[in-house]
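>>> Sequence first, predicted coordinates after that:
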Amino acid sequence: MLRYVVKRLVSYKILNQEITSPVMQAEKEDEDEPPPEEYVALSDFTGSDSDQLSFASGDKLLVHAKPSLAWWWAELQGVRGYVPASHLCQDGTEEEDPWQDEEYFGSYGTLKLHLEMLSDKSRTEAYRQVILSNSASLRSKVVMDLGCGTGIISLFCAQLAQPSAVYAVEASSIAEYTRHLVKQNGCEEVVTVLQGRAEEIELPEQVDILVSEWMGSCLLFEFMVESVLLARDRWLREGGVIWPSSAALTLVPCQANSYYTEKITFWEQLYGLDFTPLHTKASDCTSQPDFNTDRVTPKQRPLAQQEFFTKPMFNHLIEPSDCLAAPCDVICLDMYTLQVKELEEMKGQFHFCVEKSGVFHGFTAWFSVRFDSLETRGTAVELNTGPNSEPTHWKQTLFMLDMPVSVHAGDSISGSIFLHRNPKWRRHMTITLNWNVNSGTEEPDNSQAETKSFPMWR
Ligand SMILES: NC(=[NH2+])NCCC[C@H]1O[C@@H](n2cnc3c(N)ncnc32)[C@H](O)[C@@H]1O
């Protein structure tokens, strides 16, 4: 999953080399400007200041430049201005599959991804422990392993328990090798590898257990969870068990001094020169605009923050000492009742009591999943990807504010998190954080409400 993201980021990197043109490019009028691209407005937008261009759903805009991922320089009926990229899509001629399956399953057809996942001992041992601790109850049961990859979970089932059948479903070309691995380990009597998408393959029977390792960055990126829910509804018999049984997304306000220093403070003193205009736009405006909001366009948002803090940092390792408060589970999923339509927009609230003074650089997120025991009164197994557990290949995800805030013990940080699935790119989402910092000493002041949206990754 992260490797998929890295692959995407590589392609984004190539993309960014094309479009990391400074804002001035957006205003450049000369003839070598590349021809504008035509986009269609998905919804209405009303600009909030003079350099933003308002439009209505269905309007055809000409996009002249993409100086940032969030704001583009576009034209409508001869007038140019900044527009929010999230409101636009290329007209219907765009052929690309919204699930990007060719690239997605192509990336899982390489050993690189499976090597990394199998190298993650916390992840792989958790699934092994689930099978081992439920081996007696797995006797004579029918199992579906959705997205089996190299088949490790299916092989655990055949090696550690005596199920009557395991259907190992894998859409990528790795499935051809998975069949060899099943035979090589003497499991071909029990394990049947079916190559194809779980949504499209046919099983010969209903299953008693549906097991899958589907979790992505911030729990949901890749949205493979949708495939698990569809398989649950189609193949899991009444009273069957789904592993993981539940999942939680956890959030904490945090310091991120080294990352902030590396990307922002770095510009303070460079070889005796002052590069601070790259991280502060104070000179351009009388009052420093509030960068932590979506309303600021590239012109107001400093270039360094725009380039380094627009997207989440997906391979962050947070130290427990960087946590400014006790972490909070902000979104909890019950895999037995969760519906696909609920994946479009998920919301969680939080209220953090700051436990120690420090700099509030942003939020860090991670997830945990739980595997209910098949045995009555049996012990559940948990896989936790947070800072107090053994590190996993998921690491944690860091959401940086453009402007850090000093906080003190006794302050509170309250607000909400929105996971908004991308209506067009179905494996992607935007995570919007809304927060208020309230000093422990003064009356709560809601005018400090902040909001910032982070594309993951489109
Ligand atoms: N934890 C994750 N985020 N990804 C790790 C597991 C992903 C594995 O499931 C396969 N896979 C993903 N979706 C599907 C699907 N709908 N049908 C079959 N295989 C799938 C994919 O090819 C890969 O081998």
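Nice, thanks for sending it over.
>>> residues from the stretch 201-350 of the chain in reach of the ligand?
Glu213, Trp214, Met215, Gly216, Glu222, Met224, Ser227 (CB under 6 Å from any ligand atom). The way it works is simple: take the backbone N, C-alpha and C, and place the C-beta from them, glycine included.
>>> 8 Å instead?
Ile201, Ser212, Glu213, Trp214, Met215, Gly216, Phe221, Glu222, Met224, Ser227, Ala231 (CB under 8 Å from any ligand atom).
>>> Return the per-residue confidence for the residue nearest to the fourth one when sequence neighbours are not counted.
Just to be clear, that refers to Trp214. Excluding the flanking residues, the one nearest Trp214 by CB to CB, 6 or more residues apart in numbering is Met224, at 4.1 Å. With respect to pLDDT, Met224 scores 98.
>>> Just give me the neighbour total for Met224.
20 (other CB atoms under 10 Å).
>>> burial count for the residue in the stretch 201-350 of the chain that the ligand sits nearest to?
Nearest residue of the stretch 201-350 of the chain to the ligand, counting by CB to the nearest ligand atom: Ser227, 3.4 Å away. As a burial measure, Ser227 scores 21 neighbours (other CB under 10 Å).
>>> Please, which helix or strand holds it?
helix 225-235 (DSSP states H and E).
>>> buried stuff in that helix?
Using 16 or more other CB atoms under 10 Å as the test for burial, helix 225-235 gives Val225, Glu226, Ser227, Val228, Leu229, Ala231, Arg232, Trp235.
>>> Tell me which helix or strand comes right after it.
strand 236-243.
>>> Does anything pack onto the following helix or strand past that following strand? Which helices or strands?
The C-terminal neighbour of strand 236-243 among helices and strands, as given by DSSP H and E, is strand 246-254. When contacts are defined as 3 or more CB pairs under 8 Å, 6 or more residues apart in numbering; DSSP states H and E, strand 246-254 packs onto strand 328-334, strand 345-353, strand 358-371, strand 412-421.
>>> how near is the residue of the stretch 1-150 of the chain found nearest the ligand to Gln339?
Residue nearest to the ligand within the stretch 1-150 of the chain (CB to the nearest ligand atom): Gly147, separated by 2.3 Å. Using CB to CB, to the nearest Å, Gly147 is found at 20 Å from Gln339.
>>> okay, the two: which has more neighbours?
Using other CB under 10 Å, the more surrounded residue of Gly147 and Gln339 is Gly147, with 22 against 8.
>>> which residues does that one contact?
Val169, Glu170, Ala171, Ala198, Ser212, Glu213, Trp214, Met224, Ser227 (CB atoms under 8 Å, 6 or more residues apart in numbering).
>>> between the helix holding Ser227 and strand 246-254, how many degrees?
160 degrees (axes from the mean of the first three to the mean of the last three CA atoms, to 10 degrees).
>>> which residues are in contact with helix 225-235?
By CB under 8 Å, 6+ apart, helix 225-235 touches 144, 146-147, 169, 197-199, 203, 206-207, 210, 212, 214-215, 242, 333, 335-336, 338-340, 343, 426.
>>> CA-only coordinates of that helix, as CSV, when you get a sec.
The C-alpha coordinates for helix 225-235 follow below in CSV (Å, rounded to 0.1, in the frame of the first residue of the first chain):
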residue,chain,number,x,y,z
VAL,A,225,-12.0,-1.7,2.1
GLU,A,226,-14.8,-1.2,-0.4
SER,A,227,-13.9,-4.6,-2.0
VAL,A,228,-13.9,-6.2,1.4
LEU,A,229,-17.4,-4.9,2.2
LEU,A,230,-18.7,-6.0,-1.2
ALA,A,231,-17.2,-9.5,-0.6
ARG,A,232,-18.7,-9.5,2.9
ASP,A,233,-22.2,-8.9,1.5
ARG,A,234,-21.8,-11.4,-1.3
TRP,A,235,-19.8,-14.3,0.1
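>>> centre of the chain versus it, how much separation?
How far helix 225-235 lies from its chain's middle: 20 Å, per CA atoms, centre = their mean, to the nearest Å.
>>> now do stretch 51-58
Distance, centroid of stretch 51-58 to centroid of chain: 28 Å (CA atoms, centre = their mean).
>>> got the contact list for that stretch?
40-47, 61, 74-76, 79-83, 87, 297, 299.
>>> which residues of the stretch 1-150 of the chain score low on pLDDT?
By pLDDT under 70, the weakly predicted segments of the stretch 1-150 of the chain are 1-32, 91-95.
>>> Close to the ligand: what parts of it are there?
1, 4, 104-105, 108-109, 113-114, 117, 146-149.
>>> one more time with 6 Å, if that's ok
So the stretch 1-150 of the chain meets the ligand at Met1, Phe105, Tyr108, Gly147, Gly149 (CB under 6 Å from any ligand atom).
>>> is the helix or strand harbouring Gln159 up against the ligand anywhere?
Here Gln159, judged by DSSP H and E, is contained in helix 152-160. No - applying CB under 6 Å from any ligand atom, one finds helix 152-160 separated from the ligand by no less than 10.0 Å.
>>> contacting residues around whichever helix or strand comes after that helix?
Downstream of helix 152-160, the next assigned helix or strand under DSSP H and E is strand 165-170. By CB under 8 Å, 6+ apart, the list of residues contacting strand 165-170 from outside reads 142-149, 151, 154, 157-158, 178, 182, 187, 190-196, 198, 201, 203, 205, 207, 231.
>>> Go through strand 165-170 and flag the buried ones.
Ala165, Val166, Tyr167, Ala168, Val169, Glu170.
>>> which stretches of the stretch 251-400 of the chain aren't confidently modelled?
282-299.
>>> Now do the strands in it.
Assigned by DSSP state E, counting those that start in this stretch, the stretch 251-400 of the chain shows strands spanning 313-316, 328-334, 345-353, 358-371, 381-384, 396-407.
>>> Let me know which of those strands is tucked in deepest.
strand 358-371 (a mean of 23; mean count of other CB atoms under 10 Å).
>>> circling back: tabulate the strands of the stretch 251-400 of the chain (a markdown table), appending distance to Pro253.
Listed next are the strands of the stretch 251-400 of the chain as a markdown table, based on distance: least, CB to CB, whole Å:
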| stretch | distance to Pro253 |
| --- | --- |
| strand 313-316 | 14 |
| strand 328-334 | 10 |
| strand 345-353 | 5 |
| strand 358-371 | 5 |
| strand 381-384 | 19 |
| strand 396-407 | 8 |
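>>> Show me the one of those strands that comes nearest Lys121.
Among the strands of the stretch 251-400 of the chain, the nearest to Lys121 by CB to CB is strand 381-384 (11.3 Å).
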